[in-house]
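Participant: Just to be clear, the model below is a prediction. Sequence and coordinates:
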Amino acid sequence: MVKRIKLAFPIVMLVLILTACGEEFEGNITSDVQDFAFTNQDGEKVTQNSLEGNFWVANFIFTNCDTVCPPMTANMARLQEKLKEAGLEDVQLVSFSIDPERDTKAALKEFGKAHGASFDNWHFLTGYDFQTVKELSIKSFKSALEELPDSDQFMHGTRFFLVSPEGTAINYYTGTEAAEMDKIVEDIKKIK
């Protein structure tokens with residue numbers, strides 16, 4: 001009996017030590033991002049597969065937005081800077097336009113520049129129709145998206161989505177709150 005206790009004690013201690021070594025990350029969403037192939041502000045093709053192997057943060061915006069998109073884009077620029085400071089430049093940022101008819105590559109590039117974007121790791125995507133991006137938003141990110149009748153505005157979510165290197169949306173954050181950008185950086189550090 002004493003021999004068993006002597007053998008069990010080191011095993012229990014090892015399990016406790018290993019459990020305490022790393023924080024386990026629990027996200028608030030688990031959803032595989034469906035395949036896509038869109039065009040960024042520089043005319044380059046960006047696909048779900050080309051982002052594979054890196055963490056990426058996604059949001060949905062449009063350049064004609066007069067409410068939440070400007071602060072969300074400013075926060076994404078803030079996140080880009082915080083990622084750089086943390087040595088996480090391999091994290092990609094992806095802003096899907098929900099108004100691809102008006103949001104040309106040039107319009108998206110100008111919008112990004114106006115809000116402090118660096119295009120090294122930030123893609124503003126277009127080159128599809130509204131129904132395609134609506135389906136992507138709903139199916140991949142569980143985020144509603146609707147055209148407002150008799151208007152050039154849209155109803156869309158304000159979340160930023162953290163996507164794993166395997167292409168799964170694993171967490172969301174409030175894109176209109178600057179403090180959430182620190183949480184995104186902290187969560188990526190926890191997981192890496």
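Facilitator: Received the coordinates, thanks. Numbers count the residues shown, from 1 in each chain.
Participant: The protein: helices as residue ranges?
Facilitator: Along the chain, the segments classed as helices by DSSP state H run 2-21, 48-51, 69-85, 105-114, 130-141, 179-191.
Participant: Tell me which residues touch residue 153, please.
Facilitator: Neighbouring residues of residue 153 by C-beta atoms under 8 Å, 6 or more residues apart in numbering: 64-67. (C-beta placed from N, C-alpha, C; glycine too.)
Participant: ok, back up a step: reformat the helices of the chain as TSV; add mean pLDDT and distance to residue 165.
Facilitator: TSV is the format used below for the helices of the chain (pLDDT from 0 to 100; distance: least, C-beta to C-beta, whole Å):
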stretch	mean pLDDT	distance to residue 165
helix 2-21	43	22
helix 48-51	95	9
helix 69-85	97	15
helix 105-114	97	24
helix 130-141	96	16
helix 179-191	97	9
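Participant: so which of these gets nearest residue 163?
Facilitator: Residue 163 lies closest to helix 48-51 among these, at 7.4 Å (C-beta to C-beta).
Participant: what does that closest one contact?
Facilitator: Here helix 48-51 makes contact (C-beta under 8 Å, 6+ apart) with 33-37, 92, 94, 163, 167.
Participant: 6 Å instead?
Facilitator: Here helix 48-51 makes contact (C-beta atoms under 6 Å, 6 or more residues apart in numbering) with 33, 35-36, 92, 167.
Participant: who wins for neighbours among those?
Facilitator: residue 33 (22 neighbours; other C-beta atoms under 10 Å).
Participant: Tell me, what's the model's pLDDT at it?
Facilitator: Here the pLDDT value assigned to residue 33 is 97.
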